[in-house]
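1. prediction below, plus the sequence it came from.
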Amino acid sequence: MKKIFCLIAFTTFLVSCNTEKEFEFTTETFTETTTLPCGDNCPNVEVKIPVAKNVPIVADSINKRIFAVVKEIIYFGEKPYKGSEYKELLHSFITSYEDMKKEFPKDTFGWDGKVEGSIAFQTENVLNIRIDHYTFTGGAHGYQGVRSLIFNPKTGKIITNRELFNDVNAFTTFAEQKFRTFSKIPENENINATGLMFEEDKFALPFTILFNEKGLLLYYNTYEAASYAEGPKELQLTYAELKPYLKVK
């Protein structure tokens, strides 16, 4: 029991010391392409990502979470690739292409994968990483999207919606009213009355919420609330509007 207490105390001491250091990021780039003959239609995959440094325990938590998201983006098949490094993911992506090309040598197709991460917003209490991505592995079109990771910079842990807002349900009701006004959807009509595609005909917050200088951007990726033809949907909320709801900023 004494050993456990000492370990907890030591870990707490390390986190306390680490968070006093200046937090910093470097951008690292990883690329890979096929070695097979491909003419003008060669597949290429590139990842540019911010890597946290200088605060070991916190940085490790942030970097692992960012990697987990990229892992959900750069893959082909039913499940994400196994691997613990970016180079492994990119190599597996290109290998999947090469396996497909060997199986169908006469078919002409090119794959593409691009991921670019950036620091969208940073304060003493919030670190928001934005990840823009595009992948194409055949078909009529590729998929482009935006992911957001909101961290507590003191701990390196994700800030959930329940930690971000005083009352998630109240904020959702407020956001729906703003969304209806912005999208010109009558208050007494179904949220999908104008052609949107919310699941079960019920408004929901987007998976991607981004901090910026104005406030919060609610970003609905393609297919999340509308068809591919309509593209993503955005709703900007100001800090003045968010004052009753926003717990952290």
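-> It's in.

2. quick check: chain neighbours aside, which residue is closest to the residue sitting nearest the centre point of the chain?
-> Within the chain, one residue has its C-alpha closest to the average C-alpha position: by CA atoms, centre = their mean, that is R147, at 2.3 Å. By the measure of CB to CB, 6 or more residues apart in numbering, the closest residue to R147 outside its immediate chain neighbours is I131, 4.2 Å from it. Bear in mind the C-beta positions are built from the backbone N, C-alpha and C, glycine included.

3. picking that back up, contacting residues around the residue nearest to the centre of the chain?
-> By CB atoms under 8 Å, 6 or more residues apart in numbering, the residues touching R147 are V69, I73, R130, I131, H133, F207, T208.

4. doesn't it belong to a helix?
-> No. Using DSSP: H, G, I helix; E, B strand; the rest coil, the assignment for R147 is strand, not a helix.

5. stretch 227-246: how far from the chain's middle?
-> Relative to the centre of its chain, stretch 227-246 is centred 16 Å away, using CA atoms, centre = their mean, to the nearest Å.

6. mind listing what's buried along it?
-> Of all the residues in stretch 227-246, those buried under the rule 16 or more other CB atoms under 10 Å are P232, K233, L235, L237, L242, Y245, L246.

7. do stretch 133-151 as well
-> H133, T135, F136, T137, G145, V146, R147, S148, L149, I150, F151.

8. contacting residues around the helix or strand R130 falls within?
-> Under the criterion of DSSP states H and E, R130 resides in strand 127-136. Taking CB under 8 Å, 6+ apart as the criterion, the residues outside strand 127-136 that touch it are 23, 49-50, 62, 66, 69-70, 73-74, 110-122, 142-153, 210-211.

9. thinking again about what came up before, from the buried residues of stretch 227-246, which land in helices?
-> Secondary structure from DSSP state H places L242 of the buried residues of stretch 227-246 in helices.

10. got a list of what the nearest residue to N41 once chain neighbours are set aside touches?
-> If you skip the residues right next to it in sequence, N41 has G110 as its closest partner in space, 3.8 Å away by CB to CB, 6+ apart. Under the criterion of CB under 8 Å, 6+ apart, the contact list for G110 reads C38, N41, C42, P43, F136.

11. 7 Å instead, please
-> Taking CB atoms under 7 Å, 6 or more residues apart in numbering as the definition of contact, the neighbours of G110 are N41, C42, P43.

12. confidence-wise, which of these comes last?
-> Sorting those by confidence puts N41 at the bottom, with a pLDDT of 80.

13. that one and P105: what is the separation?
-> The spacing between N41 and P105, counted by CB to CB, to the nearest Å, is 14 Å.

14. now do P43
-> P43 sits at a distance of 15 Å from P105 (criterion: CB to CB).

15. swap in V55?
-> With the distance defined as CB to CB, V55 ends up 50 Å from P105.

16. on that earlier part again, show me which of the contacts of R147 are buried.
-> Among those, those classed as buried by neighbour count (16+ other CB under 10 Å) are V69, I73, R130, I131, H133, T208.

17. nice, that's everything, thank you.
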